[in-house]
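In: What shape does this take:
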Amino acid sequence: MKRFDILIAGGGLNGPTLAIALAGAGLSVAVVDPRPATARADAAFDGRAYALSIASTRLLGALGLWTDLAPKAQPMRQIKASQGQPGSGAAPCFLHFDSAEIEEGPVGHMLEDRFLYAALLAGMDGRVTHLDGLAVTEQAADATGVTATLSDGQQIRAGLLIGADGRGSGVAARAGIARRGWGYGQTALVAAIDHDLPHEGIAHQYFMATGPLAILPLPGNRSSVVWSETDANARAIAALPDDEFMAVLRPRFGDFLGPIGLAGARFSYPLSLSLAESYVAERVALVGDAAHGVHPIAGQGLNLGLRDVAALAEVLVEALRRGEDIGSILVLERYQGWRRFDATALALGMDGVNRLFATDNPLIAGLRGAGMGIVGGIPGLRRRFMRQAAGLAVDPMPRLLTGRPL
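Out: Now for the predicted structure:
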């Protein structure tokens, strides 16, 4: 039986990032990834990208990854929010964040999935055991560790099993961790768009009654679109051929970037809120979507997961240096105490924002506009919201999120 200090189920983004951080501190780590590594290592552009906060890029810097990634990323210098109209693009901007106000550089960066995943694969190489094409199918915890059975029948023994296996986390379910949440009746349509005019590093968020539409800058004259619609509308739109899809998108997108065209593949996924009732159990800890799946309204899903990564890595490494059992529930509860309130508050906050804007009720619209006007009109309050979006308002801040190594 193979033995490791840490076994991570899930090879998306959070799992490998955590593995690199822990391996760098001297722990033996294995990552079990159901997808073959080659399935996501293709260098072709497909339009999938993430909005990385300042804190997230600092974490990647502390792990030695950001120097090579930065030239491939698009800085976001401004964020503009407005009420959207399905037939006429955006109304005048009611909230404007300019990165110059917080003096921390760009408020964030857009980075394509293909570049980030390739960097994580390279970071694991030679330091982390990467078991791709396999899944954890069984787990049994005891006083000294956890034994996991993989889909090929082999068994692995570790001091701690970490679930980084998404909203339908098998690790959480087998550990008896229940989930709460609800669907939004919305589906996200994701695509990359070419446009004639430069975006100037400005991210746009349109709030429409059927769901928000985000236009996020990518390198060159190209942007990523995350377009939320009701499930019924989204099914019909997703079924359209490319030219008809663009005909529906154009009046929502607007003409501020000139003529637009489809630049890659199209994707869709249902939107829901999913919160684990506990982040830890005997010899088990959860990170990322396995702990909290949130609405993509502010692009905070990955950033929230990377906050988990930074906090859990710090808790485990400090316990190791004290000579503690890193899989002890007393150690794991420190991680839960650090992360659960922040993650739940942000998840419910995004839920509230989505509900607030998903209505055409004139009374609510008036109150909504007045509230956004207050936020936008008070510099101190506006900067506070910007720092929260940039991941700089976490207290206490894990070392990795400040760019410092463990």
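In: make it CA atoms for all contacts and neighbour counts henceforth
Out: OK.
In: which regions of the stretch 201-350 of the chain lie under the pLDDT threshold?
Out: For the stretch 201-350 of the chain, applying pLDDT under 70 flags the ranges 298.
In: Helices along that one, start to end?
Out: Ranges of helices within the stretch 201-350 of the chain are 231-238, 242-253, 301-322, 329-357, based on DSSP state H, counting those that start in this stretch.
In: right, and those - which one's nearest Val29?
Out: helix 301-322 (12.1 Å; CA to CA).
In: Now find how far off-centre the closest one is within its chain.
Out: 16 Å (CA atoms, centre = their mean, to the nearest Å).
In: So which elements touch that helix?
Out: helix 14-24, strand 49-53, helix 54-62, helix 329-357 (3 or more CA pairs under 8 Å, 6 or more residues apart in numbering; DSSP states H and E).
In: Now do the second one: distance to the chain's middle.
Out: Between the mean C-alpha location of strand 49-53 and the chain-wide mean there is a distance of 7 Å, by CA atoms, centre = their mean.
In: First-to-last residue distance for stretch 105-116?
Out: 21 Å (CA to CA, to the nearest Å).
In: In it, which residues are buried?
Out: Counting neighbours by 16 or more other CA atoms under 10 Å, one finds that the buried residues in stretch 105-116 are 106-116.
In: do the same with stretch 285-299
Out: 285-297, 299.
In: what's the span of it, first residue to last?
Out: Its start and end residues considered, stretch 285-299 measures 24 Å (CA to CA).
In: tally of neighbours for Gly258?
Out: Each residue near Gly258 was counted by other CA atoms under 10 Å, and the total is 11.
In: That one and Asn221: what is the separation?
Out: From Gly258 to Asn221 the distance is 10 Å (CA to CA).
In: Show me whatever sits in contact with both of the two.
Out: Common contacts of Gly258 and Asn221 (CA atoms under 8 Å, 6 or more residues apart in numbering): 195-197.
In: Compare these and tell me which is most surrounded.
Out: His195 (19 neighbours).
In: about what we covered before: for Ser99, state which of the buried residues of stretch 285-299 is nearest.
Out: Among those, and counting by CA to CA, the member closest to Ser99 is Gly299, at 16.7 Å.
In: Can you verify my assumption that that closest one contacts Ala51?
Out: Yes - with contact defined as CA atoms under 8 Å, Gly299 counts as touching Ala51 (5.9 Å).
In: In which helix or strand does Thr187 reside?
Out: Using DSSP states H and E, the element containing Thr187 is strand 179-195.
In: Could you pull out the buried residues of that strand?
Out: Residues of strand 179-195 classed as buried by neighbour count (16+ other CA under 10 Å): 179, 184, 186-195.
In: mean confidence score for it?
Out: Strand 179-195 shows a mean pLDDT of 93.
In: Pull up the pairing partners for that strand, direction included.
Out: Here strand 179-195 has these sheet partners by DSSP bridges: strand 222-230 (antiparallel), strand 260-262 (antiparallel), strand 267-276 (antiparallel).
In: ok and that strand relative to strand 49-53, angle-wise?
Out: Here the directions of strand 179-195 and strand 49-53 differ by 110 degrees (axes from the mean of the first three to the mean of the last three CA atoms, to 10 degrees).
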